[in-house]
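In: pasted the sequence and its predicted model underneath.
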Amino acid sequence: MNDESSIEAAWEINRVGEPIKFNDLVIVCLRKAIECPSGSKHRHRALRDVADLLSPYHDQAYENAIIEALAKREDIISGRSNGIERDESEEIYQSLWLNALSWLMKRYGMHGEEWTRK
């Protein structure tokens, strides 16, 4: 083991007791949501976790996007969206929800453009 890798290993070991950074936690939860099958209950629960973590940042643009996503889902379920099958409604809703969360994170600088792990 060279000196540089041993220093890095020691640094990692010392980090164990550090509190989790909020942005890191959000990214981990977002990754979990993306890894779940689209349209599944697991993805819904994971997206809800991300939304719950970001609740202090919910703004009018986010609320409007969620209202639109819910309306789109309802249109599909009720048959008012031509060419989209009813069973796709949850998948489309989750996609729009993820999009709303992503834009919310972008507005508040949580995409990582301004913070990087060194």
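Out: Nice, I can see it.
In: alpha carbons only for contacts and neighbour counts from here, please
Out: Noted.
In: residue contacts, the most centrally placed residue in the chain?
Out: Central residue of the chain (Cα atoms, centre = their mean): Leu30, 3.4 Å from the mean position. If you count contacts by Cα atoms under 8 Å, 6 or more residues apart in numbering, Leu30 has them with 46-47, 50.
In: state the helix or strand in which it lies.
Out: Per DSSP states H and E: Leu30 is located in helix 22-35.
In: ditto for Pro37
Out: Counting by DSSP H and E, Pro37 is found in no helix or strand.
In: what of the one 5 residues further on?
Out: Secondary structure assignment for His42, by DSSP H and E: helix 41-53.
In: list the buried ones in the next helix or strand after that helix?
Out: Using DSSP H and E, the helix or strand that directly follows helix 41-53 along the chain is helix 60-78. The neighbour-count check on helix 60-78 (16 or more other Cα atoms under 10 Å) flags 62, 65-66, 69-70, 72-77 as buried.
In: any chance you could list what contacts helix 60-78?
Out: Against helix 60-78 from outside (Cα under 8 Å, 6+ apart): 81, 84-90, 92-93, 96-97, 100-101, 103-104.
In: that helix: how far from the chain's middle?
Out: What separates the centre of helix 60-78 from the centre of its chain is 17 Å, taken as Cα atoms, centre = their mean, to the nearest Å.
In: what is the subsequent helix or strand relative to that helix?
Out: According to DSSP H and E, the helix or strand after helix 60-78 is helix 89-107.
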